[in-house]
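Trainee: need a structure here:
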Amino acid sequence: MTEDLQELRVEATGETVGEAKWQALRQLEALEPGIDRGSVRFQVVAEGERGLLGVGYSPARVFASAVRPSEATAPPRVILTEEQAPATELAAIARALVERITSALQIECHVRVSETDETLLVSCSGADLGLLIGRRGQTIDAVQYVVNAAVFRSRVDWAKEVVVDAAGYRARRRMTLEALAVEGAERAVAGAAPVELEAMSAVERKVVHVRLQEYPGVETASEGTEPNRYVVIRSAAGG
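Mentor: Residues are numbered from 1 along each chain as shown. As a prediction, the model looks like this:
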């Protein structure tokens, strides 16, 4: 039977190890559509490092390998019970995609889906989800972007935002960002000089902008270029 098997091996890079693994997985799927993601093995060559203000950046680098199965073998089907199955088709799509991504990254977690009138929340729980979250949430933001794109592509009239969370990261990070926003606003009003916050993703900058919409006497704007775009807080009185 080993004569019917062939090892596939690729190399990929990314800003984080998680992103590099995701890129490697996409390369493997291009070589072998329908490959069993659970069989993929990763070797981390470099963790990656971001220098000060983006200077000296070195990407994360991984090798990924998988066995190309013979036609007689096929990956096992995952069948959800009625209790486990999401309530809507698009919720099922979102959950299945997050499960495929976490499996590809070899992250052991349980995925749950819940819906409100405005949001579809995909929550991941497990012992160690740092790899899924990534540095400053970069990996989980990338996963959330991919899931949103997949859901919108499935139905163009979809109006809900899909939020992907891991171990309550979104709530903790939101609290940190809102505290940072208020502190920056207080400094801007007191000193009448613009306050520049640290570089953030688009998702995080939105949290800051929304938090300070109701803060009196300040205005916010995003400046800089990706991936080092940041929020500037200015006193409205000072211009």
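Trainee: drop to CA atoms for contacts and neighbour counts, all remaining ones
Mentor: Fine.
Trainee: show me the contacts for A64.
Mentor: 9-11, 21, 24-25, 40-43 (Cα atoms under 8 Å, 6 or more residues apart in numbering).
Trainee: Now, the residues you listed that are in helices?
Mentor: 21, 24-25 (DSSP state H).
Trainee: quick one on the thing from earlier: would you write a ChimeraX line that selects the buried entries of the contacts of A64?
Mentor: Restricted to buried positions by 16 or more other Cα atoms under 10 Å, the ChimeraX selection for those reads:
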select :9,10,11,21,24,25,40,41,42
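Trainee: hey, where'd the helices end up in the chain?
Mentor: So, for the chain - with DSSP H - the helices run 17-31, 89-104, 130-133, 138-154, 169-191, 202-212.
Trainee: Out of those helices, flag the one nearest V62.
Mentor: V62 sits nearest to helix 17-31 of all the helices of the chain, at 6.3 Å, using Cα to Cα.
Trainee: Mind listing what's buried along the closest one?
Mentor: 17-25, 27-28.
Trainee: by how many degrees do that helix and helix 89-104 diverge?
Mentor: Counting by axes from the mean of the first three to the mean of the last three Cα atoms, to 10 degrees, helix 17-31 lies at 100 degrees to helix 89-104.
Trainee: can you offset everything so residue one is 261?
Mentor: Got it, first residue is 261 now, which makes that one helix 277-291.
Trainee: where in this protein is pLDDT low?
Mentor: 261-266, 290, 293-298, 309-317, 328-347, 415-419, 498-499 (pLDDT under 70).
Trainee: what residue is smack in the middle of it?
Mentor: I400 (2.1 Å; Cα atoms, centre = their mean).
Trainee: So it sits against C384, correct?
Mentor: No - I400 is beyond contact range of C384, at 10.5 Å (criterion: Cα atoms under 8 Å).
Trainee: Please enumerate the shared neighbours of the two.
Mentor: Joint contacts of I400 and C384 (Cα under 8 Å, 6+ apart) are 424-426.
Trainee: Just among the residues you listed, which is most surrounded?
Mentor: V424 (26 neighbours; other Cα atoms under 10 Å).
Trainee: count of neighbours near the closest residue to it other than its chain neighbours?
Mentor: Nearest residue to V424 in three dimensions, chain neighbours excluded: V382, at 4.8 Å (Cα to Cα, 6 or more residues apart in numbering). Using other Cα under 10 Å, V382 is surrounded by 21 other residues.
Trainee: if I read this right, S482 contacts V468, doesn't it?
Mentor: No - using Cα under 8 Å, S482 is not in contact with V468; the gap is 10.1 Å.
Trainee: which neighbours do these two share?
Mentor: With Cα under 8 Å, 6+ apart as the test, S482 and V468 both reach V491.
Trainee: between the two, which one's more packed in?
Mentor: V468 (24 against 18).
Trainee: so that one makes contact with A439?
Mentor: No - checked against Cα under 8 Å, the pair V468 and A439 is beyond contact range at 9.2 Å.
Trainee: what about I367, distance to A426?
Mentor: 11 Å (Cα to Cα, to the nearest Å).
Trainee: ah, wrong one, I meant W282
Mentor: For W282, the distance to A426 - Cα to Cα - is 17 Å.
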